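Undergrad: pasting the structure only:
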Ligand code: NAD
């Protein structure tokens, strides 16, 4: 069986912990590899390599760093098929969907190719007689990323291209459930000319994460995953004096007003709820049907959910692949049962689905629940699977109140033809990313990604301008040119003011 190794100082590196985790193919239910689980000494080896590399990488010219990013971007294009196959084989998502995450991740590399523009400082001439002020932003040192299973390429790419382009070195701890994509990314960076030690990968579980959070050689931690772990990472790493950004879970509501076209809204909600088997932090998991919209919407959603073709991710006819693990499958099917027991109407029941030739795969079908209320577990919990709950609201006011009462605030959408209603919605909802007739409003790479409330712990969204800010520290330099203007201003014992 293949063993997936760490990547330290420009080469694959076996672990030293003696601990491994199985890596599954969710479509077959079979183990496809095992991955090393790092201990503190493996993390320390990666941080040592990254620290050593930082000394020269931060001195490398902006032009040279940018050239490497351009080369890396080209390699991502050339290896898109291979990466998509790897993602599909370990995560389960359909290959076209995997391609989508690779393209969206690559867009962050494209942003990093233009990092020179984002790093430009300011300059103020003659703030006092013969005195100028200018600003610069400098890298932090060794930065670390801890990432979830659901976007094994895109989410790490939200972090390391920007961190590296601005002059940091990086240690990535990807999800242990689908680690192979990160191994290929590390090889592509090396091929692009990135010096050894600038990008490192350590695989692992809590033990590796704790070693990252506590390591005195790491200046900043970027985390994306579930809210309880985001909170834990934020608390522990800030206590250790690190800068931290920690993105958490979600329960995304799409509000459908009576003036929306039910076919259009239902088609988009179906794709947003069941794409990637519902394992997206921006998946729509709650449809809020306002007033008269409800019955027509429920009817079309039922029809569209029944049309979804469930199968292995590498079969082009599949719309939806399996869940990531057997535990996830058991949890989702139990949640559908609990919803029924708590009074929801199971309009489409995905439980017990078997795919021919893949009977051991972690498949469930799409489930649609109607008449869900905020007290039910299916509403309160982030299920992270192919379950769409329909909640009925009497008015736009009630819908907005529902969105705002939810502890999560990652994404939300409104479907309507009424510009005034859309404008009110975008101003009044307490959510970070909003779509108007767009169900999955993931910002482009030149904006920043981040939710509100329990979907983002701390205060720093990820990538785009916020990413540049997070991975750099500002400096302000005040310069006097005493001889250039004939007379130097005299030294003063009083606090200096501009003359
Ligand atoms: P997770 O929180 O279980 O794992 C995320 C990372 O934390 C992994 O690298 C994992 O190894 C590590 N980890 C897990 N348990 C840990 C523990 N007890 N102590 C320390 N580290 C631990 O998340 P997941 O299941 O891999 O991913 C799904 C979750 O991620 C969902 O909640 C989803 O909403 C969220 N997510 C959020 C965003 C966002 O941008 N807000 C994006 C993608 C995924």
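TA: Arrived safely, thanks for sending. None of the values given here were measured: they were computed from a predicted structure. Numbers count the residues shown, from 1 in each chain.
Undergrad: Strands of the stretch 101-250 of the chain, start to end?
TA: 123-128, 131-139, 142-146, 169-173, 199-201, 220-224, 243-247 (DSSP state E, counting those that start in this stretch).
Undergrad: ok, the first one: who's next to it in the sheet?
TA: Read it as strand 123-128. strand 131-139 (antiparallel) (DSSP bridges).
Undergrad: Which pLDDT does the model give the residue nearest to the spatial centre of the chain?
TA: Centroid-nearest residue in the chain, with Cα atoms, centre = their mean: residue 155, separated by 4.0 Å. As predicted, residue 155 sits at a pLDDT of 98.
Undergrad: Run through the residues of the stretch 301-450 of the chain sitting next to the ligand.
TA: 382, 384, 410 (Cβ under 6 Å from any ligand atom). C-beta here means a position set from N, CA and C on the backbone, and glycine is covered the same way.
Undergrad: gap between the nearest residue to the first one once chain neighbours are set aside and the ligand?
TA: Spatial nearest neighbour of residue 382, excluding adjacent residues (Cβ to Cβ, 6 or more residues apart in numbering): residue 249 at 4.4 Å. To the ligand, residue 249 is 3 Å away according to Cβ to the nearest ligand atom, to the nearest Å.
Undergrad: so what's residue 249 up against?
TA: Shown in contact with residue 249 (Cβ atoms under 8 Å, 6 or more residues apart in numbering): 225, 226, 227, 230, 281, 382, 384, 408, 410, 454, 455.
Undergrad: domains for this structure, by residue range?
TA: 3-248+455-477, 252-436 (automatic domain parsing).
Undergrad: Hmm, the residue nearest to the centre of the chain is touching residue 148, no?
TA: Yes. Contact criterion Cβ atoms under 8 Å: residue 155 and residue 148 qualify, at 6.2 Å.
Undergrad: Overlap in contacts, these two.
TA: Residues touching both residue 155 and residue 148 (Cβ under 8 Å, 6+ apart) are residue 224.
Undergrad: related to what we said a few turns ago, make a markdown table out of the domains of the chain and add distance to residue 495.
TA: Formatted as a markdown table, the domains of the chain follow (distance: least, Cβ to Cβ, whole Å):
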| stretch | distance to residue 495 |
| --- | --- |
| domain 3-248+455-477 | 13 |
| domain 252-436 | 41 |
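Undergrad: can you count the residues close to the residue nearest to residue 113 when sequence neighbours are not counted?
TA: Excluding the flanking residues, the one nearest residue 113 by Cβ to Cβ, 6+ apart is residue 69, at 4.8 Å. Residues near residue 69, counting by other Cβ atoms under 10 Å, number 24.
Undergrad: so residue 69 is in which element?
TA: Using DSSP states H and E, residue 69 falls within helix 62-78.
Undergrad: residues in contact with the closest residue to residue 196 other than its chain neighbours?
TA: Nearest non-adjacent residue to residue 196, counting by Cβ to Cβ, 6+ apart: residue 10, 3.0 Å away. Neighbouring residues of residue 10 by Cβ under 8 Å, 6+ apart: 190, 195, 196, 197.
Undergrad: how about a cut-off of 10 Å?
TA: 49, 53, 186-187, 189-190, 194-200 (Cβ atoms under 10 Å, 6 or more residues apart in numbering).
Undergrad: do the same with residue 389
TA: Contacts of residue 389 (Cβ under 10 Å, 6+ apart): 251, 253, 273, 284-288, 339, 344, 367-373, 376, 378-379, 383.
Undergrad: what stretches of the stretch 351-499 of the chain score poorly on pLDDT?
TA: 485-488 (pLDDT under 70).
Undergrad: Tell me where it has helices.
TA: Assigned by DSSP state H, counting those that start in this stretch, the stretch 351-499 of the chain shows helices spanning 377-380, 396-405, 419-428, 464-470.
Undergrad: Indicate the residue of the stretch 51-200 of the chain located nearest to the ligand.
TA: For the stretch 51-200 of the chain and the ligand, the shortest gap (Cβ to the nearest ligand atom) falls at residue 148, measuring 3.0 Å.
Undergrad: That residue: neighbouring residues, count only.
TA: Neighbour tally, residue 148, other Cβ under 10 Å: 23.
Undergrad: Angles on the backbone of it, please.
TA: Backbone torsions for residue 148, taken as degrees, to the nearest 10, come to phi -90, psi 170.
Undergrad: which residues touch the nearest residue to it once chain neighbours are set aside?
TA: Once flanking residues are discounted, residue 148 sits nearest to residue 225: 4.3 Å by Cβ to Cβ, 6+ apart. The neighbours of residue 225, taking Cβ under 10 Å, 6+ apart as the test, are 146-150, 155, 175, 209, 232-233, 246-249, 281.
Undergrad: same check, this time on residue 13
TA: Counting by Cβ under 10 Å, 6+ apart, residue 13 makes contact with 5, 6, 7, 36, 38, 42, 45, 46, 49, 200, 201, 202.
Undergrad: what about the second one, neighbour count?
TA: One way to gauge burial is a neighbour count; for residue 6, by other Cβ under 10 Å, it gives 29.
Undergrad: same thing with the fourth one?
TA: Under the neighbour criterion other Cβ under 10 Å, residue 36 is assigned a count of 25.
Undergrad: Report the separation between the closest residue to it other than its chain neighbours and the ligand.
TA: What sits nearest to residue 36 in space, not counting adjacent residues and going by Cβ to Cβ, 6+ apart, is residue 15, at 3.3 Å. Using Cβ to the nearest ligand atom, one gets 15 Å for the distance from residue 15 to the ligand.
Undergrad: Residue 15 falls within a strand, correct?
TA: No. Going by DSSP: H, G, I helix; E, B strand; the rest coil, the assignment for residue 15 is coil, not a strand.
Undergrad: Pretty sure it sits against residue 35.
TA: Yes. In this structure residue 15 lies within contact range of residue 35 using Cβ atoms under 10 Å: 8.9 Å.
Undergrad: Which one's more surrounded, those two?
TA: Taking other Cβ under 10 Å, residue 15 and residue 35 do not tie; residue 35 has more neighbours (28 against 23).
Undergrad: Pairing partners for the more buried one in the sheet, please.
TA: Note on residue 35: beta-bridge partners residue 4, residue 21, judged by DSSP bridges.
Undergrad: show me what contacts it?
TA: By Cβ under 10 Å, 6+ apart, the contact set of residue 35 is 2-6, 15, 19-23, 90, 174-180, 183, 203-205.
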